[in-house]
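> Let me see the structure of the following:
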Amino acid sequence: MENGKWDEANVEKQRLEEKQRAVRRRREAEAAEALEEGKDYEGYIPLWFERKVDPTTGELICIYKGGYWEAKEKQDWSACPDIF
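So this is what the prediction gives:
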């Protein structure tokens, strides 16, 4: 989009979104299968954030847990899921 390539950017956006949807559907299917079999299933865990309850408001919030800037500095994205 930054280069004015709207059509190409939209095609790429749709491809990425569909890939993410497919991964989500796979995770949901795995979770359902584990539930049917009575097994534990560990769902999606974000790399850079963790969910905690805000002690003041009682609301669920996301707290940065570190690691991103170190990975960026080293250009080491091996811990990241393949979203592209």
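
> what domains does the record give for this protein?
The chain breaks down into these domains under automatic domain parsing: 1-42, 45-79.

> and the longest one, how far from the chain's centre?
The chain centroid and the centroid of domain 1-42 are separated by 9 Å under CA atoms, centre = their mean, to the nearest Å.

> What average pLDDT does that domain get?
In this model, domain 1-42 has a mean pLDDT of 92.

> going forward can the numbers begin at 35, since that is how I track them
Okay, using 35 as the starting number, the last item reads as domain 35-76.

> Just the helices from this structure, written as ranges.
For the chain, applying DSSP state H gives helices covering 40-70, 102-108.

> could I get those helices as a markdown table with distance to residue 115 and mean neighbour count?
Backbone N, C-alpha and C define where each C-beta goes, glycine included. Formatted as a markdown table, the helices of the chain follow (distance: least, CB to CB, whole Å; neighbours: other CB atoms under 10 Å):
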| stretch | distance to residue 115 | mean neighbour count |
| --- | --- | --- |
| helix 40-70 | 7 | 11 |
| helix 102-108 | 13 | 11 |
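
> Adding distance to residue 82, write the ones you listed out as JSON lines.
Formatted as JSON lines, the helices of the chain follow (distance: least, CB to CB, whole Å):
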{"stretch": "helix 40-70", "distance to residue 82": "17"}
{"stretch": "helix 102-108", "distance to residue 82": "5"}
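
> got the contact list for the residue most central in space within the chain?
Geometric centre of the chain, nearest residue: residue 80, 5.8 Å, by CA atoms, centre = their mean. Residue 80 makes contact with residue 96, according to CB atoms under 8 Å, 6 or more residues apart in numbering.

> Check residue 83 too.
Contacts of residue 83 by CB under 8 Å, 6+ apart are 96, 97, 98, 99.

> Take the residues you listed and lay them out in TSV including pLDDT.
Output for the contacts of residue 83, formatted as TSV (pLDDT from 0 to 100):
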residue	pLDDT
96	96
97	96
98	98
99	96
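
> okay, how far is it across stretch 86-104, tip to tip?
One end of stretch 86-104 to the other measures 23 Å (CA to CA, to the nearest Å).

> can you give me how far that stretch is from the chain middle?
16 Å.

> residues making contact with that stretch?
Against stretch 86-104 from outside (CB under 8 Å, 6+ apart): 80, 81, 82, 83, 84, 85, 113.
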